[in-house]
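Colleague: Here is my input; please provide its structure:
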Amino acid sequence: MIFKPFLIVLFFISFIKLGTCTPCKSRFCKDCQYDYTKCRACVTGYGLNLLGECLKCPMRCDECSNNVNTCTKCSSGYFNNYGTCQNCYAFCTSCTSGDTCDKCISGYYPGARKCERCPTLCKECNSPSECTLCNSGSYLENGVCKRNPEGCSVISGGKCTSCYSGYYLEEGVCKKNPDNCAVVKEGKCVSCNSGFFLEDESCQKCGPFCSSCKSETECLNCNYGYFNDKGSCETCGKGCNSCKSAQECLSCIFGYGNNQGICEKCQAGCVSCNSATDCKICDNQFGLNDGKCEPCGNLCESCSSSTKCKKCTKGFGVSSTGSCEQCKGDCAVCDTVEICTRCTGNFHSINSNFECELSWGRILAIVIPIGFAGLCFIGTIIYSCKYKRRKRYSHYDYEDHYHGNHFRERRENEDEYNCGCWAECFASCCLAFLFGLCK
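Modeller: Sure, this is the predicted structure:
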């Protein structure tokens, strides 16, 4: 009876836990077991492995819900071969095997073991003699695509219902507009192209530099760089892009500034100005000072003023005063005198203070291979000398064989051979290392 209240509390806690919904551990899991760590069903595009985890379906597979290694639905252009997705043949988008095709891409139709191209002008077809949709600029007639007549954009019921620009429709046929005519109604020109005016149902050219007019002598709008002076177009002043009169410019061309309606050429080194004496933006090698462009200081490539450099030539950096000073120590390139970006030679590197210091790692990386190559060279020479001496002793050994010196010379020969063998091994290993034969 003592444990009865405790059991009731434990049962109540278990009931609360059972009534709580805990999300599955994997975000690709659609349904999971009670402990929420093992999945029973995955979202589309994912499948289960043996551990109950949801993994992405293999490439070319769209669905593999029960087993990640067994595909149930393949991507377009592939067919299911016992759970594995394999290629349909070229231009085929849907097939049940590698030898048949149910549907081809636009412009092709299923043929004998391959997708065949549709006939000319045909966008979609069921066979070479049955077109279902034609390309733009052509129309369908009894399963065959035919090219539209000249100027016709849309045909319906064997007649043209819409024409391209520059043509007009008359009784189901597109006819070309008269010269320089923009719009035709009821067979007559009612509007002309830019630069022409309508006179007696035909288009005549406007006067010089006129973009639109009522007659040859009455211009309405002039081209850029010209102004309308009582129906005729006159040139604007020098450097003027558009104006109301020769003395009133509205906008100037590049390199000129508008000073109360007059375009003045910007001063040397100025790329944009208000007037000849008031510059807004200077060229790179000039600095702006009270509307004037002054050359940058010595060794300076770009500056904000003649005394404030922004970028110096190679080997020099900007100092705290804005002048160019030589980079410190072993620094080859620096943004400022205090910040180095590249050191001289191969034995220095930039530290955390942006200064150049000796890099022993780089020194050893260069010195060790050179030293090893030297040892290899010496070893090769030693081996060569020992080999020659060994050959000489072998010759003496043969001559003294019958003079009682056979044992002594043979002994010397063996000593030299052993020494030569060590040199040979040393030289061979060196050469193998240098040429990358030893791993």
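Colleague: My guess is Gln86 contacts Tyr78. True?
Modeller: Yes - between Gln86 and Tyr78 there is a contact under Cβ atoms under 8 Å: 6.2 Å. Where C-beta positions appear, they are placed from N, C-alpha and C, glycine not excepted.
Colleague: who has more neighbours, those two?
Modeller: Tyr78 (22 against 14; other Cβ atoms under 10 Å).
Colleague: Which residues does that one form beta bridges with?
Modeller: Asn87 (DSSP bridges).
Colleague: so who does it touch?
Modeller: 60, 85-88 (Cβ atoms under 8 Å, 6 or more residues apart in numbering).
Colleague: Got a ChimeraX select line for the buried ones in those?
Modeller: The ChimeraX selection below is limited to those of the contacts of Tyr78 classed as buried (16 or more other Cβ atoms under 10 Å):
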select :85,88
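Colleague: care to break this structure down by domain?
Modeller: 308-358, 368-398+406-434 (automatic domain parsing).
Colleague: Check those domains for me: which has the lowest mean pLDDT.
Modeller: Sorting the domains of the chain by mean pLDDT places domain 368-398+406-434 lowest, at a mean of 54.
Colleague: For the chain, which residues score under the pLDDT cut-off?
Modeller: Under the criterion pLDDT under 70, the flagged ranges of the chain are 1-20, 361-363, 365-366, 379-380, 382-439.
Colleague: how about the spatially most central residue of it, secondary structure?
Modeller: Nearest to the mean C-alpha position of the chain, by Cα atoms, centre = their mean, lies Met59 at 25.2 Å. State at Met59, reduced to three classes by DSSP: H, G, I helix; E, B strand; the rest coil: coil.
Colleague: and it, how far is that from Lys265?
Modeller: For Met59, the distance to Lys265 (Cβ to Cβ, to the nearest Å) stands at 65 Å.
Colleague: And the strands in the stretch 251-400 of the chain?
Modeller: For the stretch 251-400 of the chain, applying DSSP state E, counting those that start in this stretch gives strands covering 256-259, 262-265, 270-275, 278-282, 286-289, 292-295, 300-305, 308-312, 316-318, 324-326, 331-336, 339-343, 348-350, 356-358.
Colleague: which helices and strands sit right next to the third one?
Modeller: The reference is to strand 270-275. strand 256-259, strand 278-282 (3 or more Cβ pairs under 8 Å, 6 or more residues apart in numbering; DSSP states H and E).
Colleague: Buried residues in stretch 39-50, which are they?
Modeller: 39, 42, 46-48.
Colleague: Give me the contacts around that stretch.
Modeller: Contacts of stretch 39-50 (Cβ under 8 Å, 6+ apart): 24-26, 28-33, 52-57, 62-70.
Colleague: Stretch 300-318 too?
Modeller: With Cβ under 8 Å, 6+ apart as the criterion, stretch 300-318 contacts 284-289, 294-297, 299, 322-327, 332-339.
Colleague: redo that, cut-off 7 Å
Modeller: 284-285, 287-289, 294-297, 299, 322-327, 332-337 (Cβ atoms under 7 Å, 6 or more residues apart in numbering).
Colleague: Just the buried subset of those residues, please.
Modeller: 287-288, 294, 296-297, 299, 322-325, 327, 334, 337.
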